[in-house]
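1. here is the input, now give the coordinates:
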Amino acid sequence: MNKIFKRFSLIILFFSLFSCAYEPIFSEKNYNFKTGKVILEGDKDINRIIKNRFDLIKNNVSKDEKIYDILINSKKNKIIAAKDSKGDPSKFELVIETRYQVNRNQEILLNSKIIKNNIYNNVSDKFKLEQNEKIIIDNLSEKVSEEIIASIINLNDN
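-> I've put the predicted structure just below:
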């Protein structure tokens, strides 16, 4: 009885591990474009996330595929949004501004700017505040990269 249970458990474990349909988000989408040179300037944390997003795009080879060179300049700005009665900051606003340019064959096709912001509460624990800011920067940078990719897809459709 114990042998049968072990075999049955092993078979269930085998099927549950190898029948998983996990796929990365951008793996099966064909955007019909490739990125040539991606030049990143400005804030390194924002640029790292945007570059990783471009690296996730799976470039399927086709004859009509267009190659775009992209220049991205990003910066972040932390502003005190509100103060308490003592004059200490109670809320901060984090603003990410990204300017980008899309070129094809040395011709500028798109020159645009994206501004994303988020207001959040101050925390007395500075380590936790720094971790919250990092999460906010990651989320806003993901949104920026999605908008850049969407604008390139729109260019590609025209």
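
2. the nearest residue to residue 104 once chain neighbours are set aside: neighbour count?
-> Residue nearest to residue 104 in three dimensions, not counting chain neighbours: residue 68, with 5.4 Å by CB to CB, 6 or more residues apart in numbering. Heads up, the C-betas are built off the backbone N, CA and C, glycines and all. Burial of residue 68 is recorded as 19 neighbouring residues (other CB atoms under 10 Å).

3. which strand or helix spans residue 68?
-> Element membership of residue 68, judged by DSSP states H and E, is strand 66-83.

4. okay, angle between whichever helix or strand comes after that strand and strand 66-83 too, please.
-> Secondary structure here is assigned by DSSP H and E; on that basis, the next helix or strand after strand 66-83 toward the C-terminus is strand 89-104. Between strand 89-104 and strand 66-83, the angle comes out at 170 degrees (axes from the mean of the first three to the mean of the last three CA atoms, to 10 degrees).

5. helices or strands up against the helix or strand following strand 89-104?
-> Of the helices and strands lying after strand 89-104 in sequence (DSSP H and E), the nearest is strand 107-121. Secondary-structure packing of strand 107-121 (3 or more CB pairs under 8 Å, 6 or more residues apart in numbering; DSSP states H and E): strand 89-104, helix 126-157.
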